[in-house]
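> following is a predicted model, sequence given first.
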Amino acid sequence: MNYYNRFETGKYLRLTALLAALFAAPMAGADILIKNARLITGTDQGTLLNASVRVASGLITGMNPSSDDETATEVVDASGAYVTTGFFDSATTVGTADIGGGIRNRDYTVREADMGAGFQISLAINRYSSLIPMMRVQGVTRALVRPDAGNNIFAGQSALINLGNAQPIVTVTTNAVFVDLRESATRYSGGSRAKAILDLLDALDEAAIYAKNTKAYRAGKLRDFKQSERDLRALVPLLSGAKPLALMIDRAADIETIIGQLQPYPLRLVLIGGREAWKVAAFLAAQNIPVVINPMDNLPSSFDQLGARLDNAALLNRAGVKIALMTEDVYTETRSLVQGAGVAVAYGLDWEDAIKAITVNPAAIWGLPNYGSIAVGRQADLVIWNGDPLEVTSRPVKMMIDGAWVSLTTRQTLLRNRYADLQDTEIPFGYR
Amino acid sequence: MNHTGSTLRGSIFVLLALFLFPATSIAEHFDKNPFPSTYQASTAADTAIVGAHILTGDGGEIESGYVIIRQGLITAIGTGQIPASEAPVSQIIDGSNQWLTPGIIDVHSHLGNYAAPGYAAHSDGNEATSPVTAEVWTEHSVWPQDPQFPLALAGGVTTLQILPGSANLIGGRSVVLKNVSSRTVQGMKFPNAAYGLKMACGENPKRVYGSKGSGPSTRMGNVAGYRKSWIKAASYKAKWEKYDQELTAFLAAENAEKTEQDGKDDKNDTKEPTKPERDLELDTLAGVLAGEIRVHNHCYRADEMAQMIDISKEFGYQITSFQHAVEAYKIADLLAENGICSAMWADWTRFKLESFDGIDENIALVDKAGACAIVHSDSPWGIQRLNQEAAKAMAAGNRMGMALTRAHAMQWLSLNPAKSLGIDDRTGSIALNKMADLVLWTADPFSVYSRAGKVMIDGVLVYDLSTGLKPVTDFELGLRVREL
């Protein structure tokens, strides 16, 4: 097999070292031009061929500039390759657990104590996690890190991060409150989802009273509240729509009931999961409620998700619902966001709309006005691909976050290099 | 390719084992197949698929060719047009702009024994009441109405092995099924497929029994457990062999007595031997030692796989496959040398500590070493997209400079899994006289945008995207259809 000889560990390591040195170079003031790109803008401009994009100080400063190649500090020829915005995963737990199971610390959830909306996942995010580069090699540059309900229907407050090297990676510490109203969460509400809904309404009412009467609350003049003060403080910004309330619901009837019950409150709602959302697509479109989907989950795993199907994304999009995609699980998140987008396309979602579901749509849903598309003034999260970005065979070849190149080497790369040549008996594995 | 060599070595080993342990005759003393397959394909019209891009599943590729199916079997394959010499067929399927492959074979599934919806009432995969439950047969847990079977069919899976879970050191027998709609499990069973035995290394058994306080609670406890079981199995096997020899001698003596009846009055003084008491657990383990049952060993870490290989040599059995084999790339040479297949995920890692070192190049590196590589799912989600998983693995190999083709990588989904299940003489590639288990894909199956357009099992069209033909399980009626 001649492919043996094509690969030389040493050569590869040298290349890796060279690239690492390149990435470590200070980027402040650098002026980078990526030219000959098949640019997926995510704006009305759609796809631009033979296009160029210019980056300085972390932002996109020019598109298709005609004559200023010479003034750029660095010119990268994409040779016709796809260039996209770095993708956004709308629900992961990256940085809050090192592995899925068998360990005690899974910082995205509180299982052995009671804490509600006040729980703040951002405090546990490890920016040095080796999972972060593993997400980058999938083309992901930004993510929402979500809490998981552990002992309370309120999972807590999510955070927004970028996956770059620059501190801080947490860009929004508390961007939404997640509440779990699925069948699986009824154990936190005495066994019935009806009580779960009433608990949610009670909590919002308490937050409203607390907001109006904070002094009296602190002076102990109000009745005892079920929510702690920390929880109440997290709920207050929801009441004005300043922050979204993320509703984890799958069953179609629950989507209708819960959203109906929440009508009196001027909330900004985001539906998370929505396995059966396609059944109530018109209702969601009319209410202008976006849906965050795991596009590869079509299993009737519970009675809540009997209607789960792979064209959920396509059906919702067609009905005019804004959709975003998530990987959802702790150990799948590093690998399946783009595959999920590709699967959604195979099941009827328009290709450009699939790209939007992992770029501009989450930017709009989660409130990142400056990220998500390739346009002058936007944050420069750019990825050069070796093929169609949604193909399972494609990978990023170069990536920048906020205008700075980032490494695409992972711990997995190092393991691969160590064991690439089992015939070599000279150097013991531990010294490779 | 090298896989042939590996299988050959495997066969020699089995032959050697049979030689060392004189041919067992347990078969003659009780029914070894009390739950026989009742699967019978319905009559399929003689069919030709023409103009398709064919990946034959054994490494071959025809850019535009035809396949002819008569009475459920593949009777002709070729490039270009059907030759005039071919007898007419009653049905022609236009495969132009589509890709034809063998049906995908998943060697690791829990469809039916962990059926959807996933409630405790459907948790039938792990008999986690004792670390060794070789006596259980997972076919007795499989629910043929599991709504996940049709989803796997829509992903092009025509044959699948259902394994017991990995809670136990020795979890019980597997069953090989055709992915067909049936009221009974017997109606799904792949005719005359060998049984498999599920064994498990590492974290799962020691976690399950460590937490029960009964043990094993360590990896060394795991190994002691396997060895104790094989010692019992060897002695059980010897007991039956002794019985068989004594019975043969007794019958011979009786015969002799009959023929000499007239002459003398001396009686047959060979005593009729007492039939040993059957033990369901040891029946299965002795079946492994006799080379009749294949060992499919759940094992993640390279060092543990090496230990398991030594245990197999100590007791004289062959490990057919390591399941999951997340670190197979670290010992791919050893796996090739011992003729052991590795059934792997394309990119699963980090979901527990023993999967920490999973890499995307695992499958490609195992293949490169000349060992038998298989893409498996162990997942009701993954089983729907095994073609995409193979595509990822191929791309990972090519990114490190290999030149893996689609034709080559297709073997990870068809011929190699068929070999590991011992059914490669009947399915697993598009070859003459094999079962017409076929998938006609809407596009290159190594693309995320491709879907199974038509699926045939034994030449019968069981799924058709263009007409909406698909099985609907009883469970789904009135629940999943859009009309209600």
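Structure received. Numbering: from 1, shown residues only, chains lettered A, B, ... in the order given.
> what's the mean pLDDT across stretch A:31-50?
For stretch A:31-50, the mean pLDDT works out to 95.
> quick one: terminal-to-terminal distance for that stretch?
Using C-alpha to C-alpha, to the nearest Å, one end of stretch A:31-50 lies 19 Å from the other.
> residues contacting residue B:474?
The contact partners of residue B:474, by C-beta atoms under 8 Å, 6 or more residues apart in numbering or on different chains, come to residue B:145. Using the backbone N, CA and C atoms, a C-beta is placed for each residue, glycine as well.
> rerun at 10 Å
Listed by C-beta atoms under 10 Å, 6 or more residues apart in numbering or on different chains, the contact set of residue B:474 reads B:144-145, B:147, B:181, B:183.
> which residues pair with residue A:63 across the strands?
residue A:53 (DSSP bridges).
> anything in stretch B:382-389 near chain A?
Yes - judged by C-beta under 10 Å from any C-beta of the partner chain, stretch B:382-389 and chain A are in contact via B:382, B:384-385, B:387-389.
> ends of that stretch, what's the gap?
End-to-end distance of stretch B:382-389 (C-alpha to C-alpha): 8 Å.
> now do that stretch: distance to the chain's middle.
Averaging C-alpha positions (C-alpha atoms, centre = their mean, to the nearest Å) puts stretch B:382-389 17 Å from its chain's average.
> how about that stretch: buried residues?
By neighbour count, with 16 or more other C-beta atoms under 10 Å in any protein chain shown as the criterion, the buried positions of stretch B:382-389 are B:382-389.
> thinking again about what came up before, list just the nearest of the residues of stretch B:382-389 next to chain A to residue A:52.
Residue A:52 has its nearest neighbour among the residues of stretch B:382-389 next to chain A in residue B:388, at 33.0 Å by C-beta to C-beta.
> spatially nearest residue to the closest one, not counting backbone neighbours?
The shortest distance from residue B:388 to any non-neighbouring residue, by C-beta to C-beta, 6 or more residues apart in numbering or on different chains, is to residue A:392 (4.8 Å).
> distance of the one you found relative to residue A:297?
The gap separating residue A:392 from residue A:297 is 17 Å, by C-beta to C-beta, to the nearest Å.
> which of the two has more neighbours?
residue A:392 (29 against 20; other C-beta atoms under 10 Å in any protein chain shown).
> next structured bit after the worst-scoring helix or strand of chain B on mean pLDDT?
Using mean pLDDT, DSSP states H and E, helix B:2-20 stands out as the lowest-scoring helix or strand of chain B, at a mean of 42. Sequence-wise, the next helix or strand downstream of helix B:2-20 (DSSP states H and E) is strand B:47-55.
> run the angle between whatever helix or strand comes next after that next one and strand B:47-55 for me.
Reading on from strand B:47-55 to the C-terminus, the next helix or strand found by DSSP H and E is strand B:61-70. Put simply, strand B:61-70 runs at 160 degrees to strand B:47-55, going by axes from the mean of the first three to the mean of the last three C-alpha atoms, to 10 degrees.
> is strand B:61-70 in proximity to chain A?
No - Strand B:61-70 lies apart from chain A when judged by C-beta under 10 Å from any C-beta; the minimum separation is 17.1 Å.
> so which bits of that strand are buried?
Neighbour counts over strand B:61-70 (16+ other C-beta under 10 Å) mark B:62, B:65-70 as buried.
> what of stretch A:32-51?
Across stretch A:32-51, burial judged by 16+ other C-beta under 10 Å covers A:32-42, A:48, A:51.
> of these, closest to residue A:304?
Minimum distance to residue A:304 across those is 33.0 Å, recorded for residue A:42 (C-beta to C-beta).
> quick one, what contacts the residue nearest the centre of chain B?
Most central in chain B under C-alpha atoms, centre = their mean is residue B:421, positioned 3.8 Å from the mean C-alpha point. Residue B:421 makes contact with B:105, B:107, B:159-161, B:174, B:176, B:190, B:193-194, B:196, B:294, B:296, B:320-321, B:341, B:374, B:427-428, according to C-beta under 10 Å, 6+ apart.
> gap between stretch A:387-399 and the chain center?
Taking C-alpha atoms, centre = their mean, the mean C-alpha location of stretch A:387-399 is offset from the chain mean by 18 Å.
> got the buried residues for that stretch?
For stretch A:387-399, by 16+ other C-beta under 10 Å, it's A:388-396, A:398-399.
> of the residues you listed, closest to residue B:239?
Among the buried residues of stretch A:387-399, residue A:392 lies closest to residue B:239 (C-beta to C-beta), at 53.2 Å.
> what distance do you get for residue B:115 to chain A?
10 Å (C-beta to the nearest C-beta, to the nearest Å).
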